[in-house]
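Novice: Sequence and computational prediction follow.
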Amino acid sequence: MNVEHRYCADLDMFAIDRPINTIRDGGGKVIAKGSCVWKTEPCDKCFNLKFMRMYKRDMDAKDVRNERSWQGLTGKALRATLDRKHKRQTDRVRLMSRGETFRDPSDIIRVRDLLTENPDRLFWIPTRAWRSRRMRPLIVAIMREFPNARIQASTDVTTTREEQAGLDAEGWSTMFFGDDEAFETLTGNERSLCAKTWEQDKGACATRCGKGGCFDKGQTHVHLKQH
């Protein structure tokens, strides 16, 4: 199968995308369902939306292909594709750089397959699906079972102290965006400053971000600078 993915120079890794919003054809028929079903108000300022408005036709067409590919993607197919990318690092992969990985339970099955068939690759998966009572325990099970999963709860200024405490208790790492002065979580844990957004160190995601960063094996809290 044709695996739709792209190399992100800013991250120095390959990434997979999904549609943020539902895409319809000229007659109004849904041709690709939107994935960002757990979004909050700050999501309306997502930098991806700027490009979607500027290049709507091209990005819609690409996202239709992205979603079709995602729905048929297997761990073996992704492994075969990445194994051919010898000039780029393929030890770390991003799900999703645009859109949400965990829209519904079928995505749980797919992600488990990707992790199983690519045990030597780290999969970086920020997600807002922690806000879903249905999806959350399924994601926590993946976090605890797969050592190559780097799953972060995507949080923002709408996240409450009670919600943060619940994430802490379940062992979630978090990624925060929306207040450049919020250097601690609402439960008092220090946030690590993202090298890419605070220091403009492009490629740091693939090289530096181990201990204390998004690829730490332990529980971490990463702070993205507003952009």
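Specialist: Now that the structure is in, tell me what you want to look at. Computed from a predicted model, the values in this text were never measured in an experiment.
Novice: now stretch 74-84, how far from the centre of its chain.
Specialist: Between the centre of stretch 74-84 and the centre of its chain there are 19 Å (Cα atoms, centre = their mean, to the nearest Å).
Novice: Can you show me the CA trace of stretch 211-221 as PDB?
Specialist: As requested, the backbone C-alpha atoms of stretch 211-221 are provided in PDB (Å, rounded to 0.1, in the frame of the first residue of the first chain):
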ATOM      1  CA  LYS A 211      15.600  13.000  29.600                       C
ATOM      2  CA  GLY A 212      13.000  15.500  30.700                       C
ATOM      3  CA  GLY A 213      11.700  15.900  27.100                       C
ATOM      4  CA  CYS A 214       9.000  14.300  25.000                       C
ATOM      5  CA  PHE A 215      10.900  11.100  24.600                       C
ATOM      6  CA  ASP A 216      11.700  10.500  28.300                       C
ATOM      7  CA  LYS A 217      10.700   7.100  29.400                       C
ATOM      8  CA  GLY A 218       9.300   8.500  32.700                       C
ATOM      9  CA  GLN A 219       6.500  11.000  33.500                       C
ATOM     10  CA  THR A 220       7.400  14.400  32.100                       C
ATOM     11  CA  HIS A 221       5.600  17.700  31.500                       C
END
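Novice: which outside residues touch that stretch?
Specialist: Contacts with stretch 211-221, where a contact means Cβ atoms under 8 Å, 6 or more residues apart in numbering, come from 92, 122, 124, 126, 147, 150, 152, 168, 171-176, 185, 189-192, 194-195, 205, 209-210, 222. Glycine gets a C-beta too; all of them are placed from N, C-alpha and C.
Novice: Drop the exposed ones from those residues and show what's left.
Specialist: Neighbour counting by 16 or more other Cβ atoms under 10 Å classes 92, 122, 124, 126, 150, 152, 168, 172-176, 185, 191-192, 194-195, 205, 209, 222 among the contacts of stretch 211-221 as buried.
Novice: On the three-state scheme, the residue nearest to Asp25 when sequence neighbours are not counted is what?
Specialist: Computed as Cβ to Cβ, 6 or more residues apart in numbering, the closest residue to Asp25 that is not its neighbour in sequence is Ile31, at 5.2 Å. Recorded secondary structure, Ile31: strand (DSSP: H, G, I helix; E, B strand; the rest coil).
Novice: How about the contacts made by Leu167?
Specialist: When contacts are taken as Cβ under 8 Å, 6+ apart, Leu167 is in contact with Trp130, Ala153, Thr155, Thr174.
Novice: quick one: which of the residues you listed has the most company?
Specialist: Among the contacts of Leu167, the one with the most neighbours (other Cβ atoms under 10 Å) is Thr155, at 27 neighbours.
Novice: May I have the strands that pair with whichever strand or helix holds that one, each with its orientation?
Specialist: If you go by DSSP states H and E, Thr155 is part of strand 149-156. For strand 149-156, sheet partners with direction are given as strand 122-127 (parallel), strand 173-177 (parallel), following DSSP bridges.
Novice: Let's test this: mean pLDDT of it, rounded?
Specialist: Averaged across strand 149-156, the pLDDT comes to 96.
Novice: mind exporting that strand as CSV, just the C-alpha atoms?
Specialist: Coordinates of the C-alpha atoms in strand 149-156 are reproduced here as CSV (Å, rounded to 0.1, in the frame of the first residue of the first chain):
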residue,chain,number,x,y,z
ALA,A,149,5.1,4.5,23.0
ARG,A,150,5.7,8.1,24.1
ILE,A,151,2.1,9.3,24.7
GLN,A,152,1.4,12.8,26.1
ALA,A,153,-1.8,14.3,27.2
SER,A,154,-2.1,17.6,25.3
THR,A,155,-3.2,20.2,27.8
ASP,A,156,-3.8,24.0,27.7
